[in-house]
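Visitor: predicted model and sequence follow; I will ask about them next.
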Amino acid sequence: MIREPQQERSRTTRRRLVEAAVETIGELGWHGTTVAVIAERAGVSRGAAQHHFPTREDLVAAAVEHVGEIQIVELRARAAELPSGRSRIERAVDMVLNLYSGPLFRAALHLWVAASTDDSLRATLVPLEARVGREAHRVTVELLGVDESHQGVRELVQATLDLARGLGLANLLTDDTKRRKQIVAQWARVLEPTLASAKI
């Protein structure tokens, strides 16, 4: 039997812990999430978990980065499917407005709510969320294929991301798919006049 190199085992353990953290936060919320619970779900000892992430905040920081990276990778992978021309805007809007849904968004939401009353968690989350937000903004500009230096474009891109978060929140309690499709179509119509003149 060939043994996995130590460095690879370490990477695998970290990845399992981070994925378990995202799942646990999404299901149990911040207050139900402990290093011990995450370690058990990841199938590692608490000591091994604390070797990689000494505190719960360290583990959560890695989980937030992981969620952000997954979202950006997914968007970029799907960007290759986008057509050129006017139909690109609606397809890109659809992709972005569906970005904040599912278990990843649920985990992020639990953290945002907890951070509103937990100074330590807020200090960890704010710079991470700022970095993830900047990258999401940059990728959305790429998806729409626009030049952000045109008047109003930056604000419309940010409004699209803010709308996506709001729709993600609405979808947490009930399936919002039908209404979301209507909003995607209407928002694309709102964006089109400004973005058409800002095409790269």
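Guide: The structure has been received and is ready for your questions. Numbers count the residues shown, from 1 in each chain.
Visitor: what's the average pLDDT for the one helix or strand residue 92 maps to?
Guide: Assessed by DSSP states H and E, residue 92 sits inside helix 87-97. For helix 87-97, mean pLDDT rounds to 87.
Visitor: got the contact list for the next helix or strand after that helix?
Guide: Next helix or strand after helix 87-97 toward the C-terminus (DSSP H and E): helix 102-115. For helix 102-115, the surrounding residues in contact (CB atoms under 8 Å, 6 or more residues apart in numbering) are 22-23, 25-26, 29-31, 60, 63-64, 67, 70-71, 100, 121-122, 124-126, 129, 168-169, 172. C-beta here means a position set from N, CA and C on the backbone, and glycine is covered the same way.
Visitor: next one: stretch 164-178
Guide: Counting by CB under 8 Å, 6+ apart, 96, 97, 98, 99, 100, 101, 105, 106, 109, 179, 180, 183 sit against stretch 164-178.
Visitor: just the buried members of those?
Guide: Buried residues within those, counting neighbours by 16 or more other CB atoms under 10 Å: 96, 97, 98, 99, 100, 101, 105, 106, 109, 180, 183.
Visitor: the fourth one and residue 127, how far apart?
Guide: Just to be clear, that refers to residue 99. For residue 99, the distance to residue 127 equals 21 Å [CB to CB, to the nearest Å].
Visitor: so how do I select the buried members of the contacts of helix 102-115 in PyMOL?
Guide: A single PyMOL command selects the buried members of the contacts of helix 102-115 (16+ other CB under 10 Å):
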select buried, resi 22+23+25+26+29+30+60+63+64+67+71+100+121+124+125+129+168
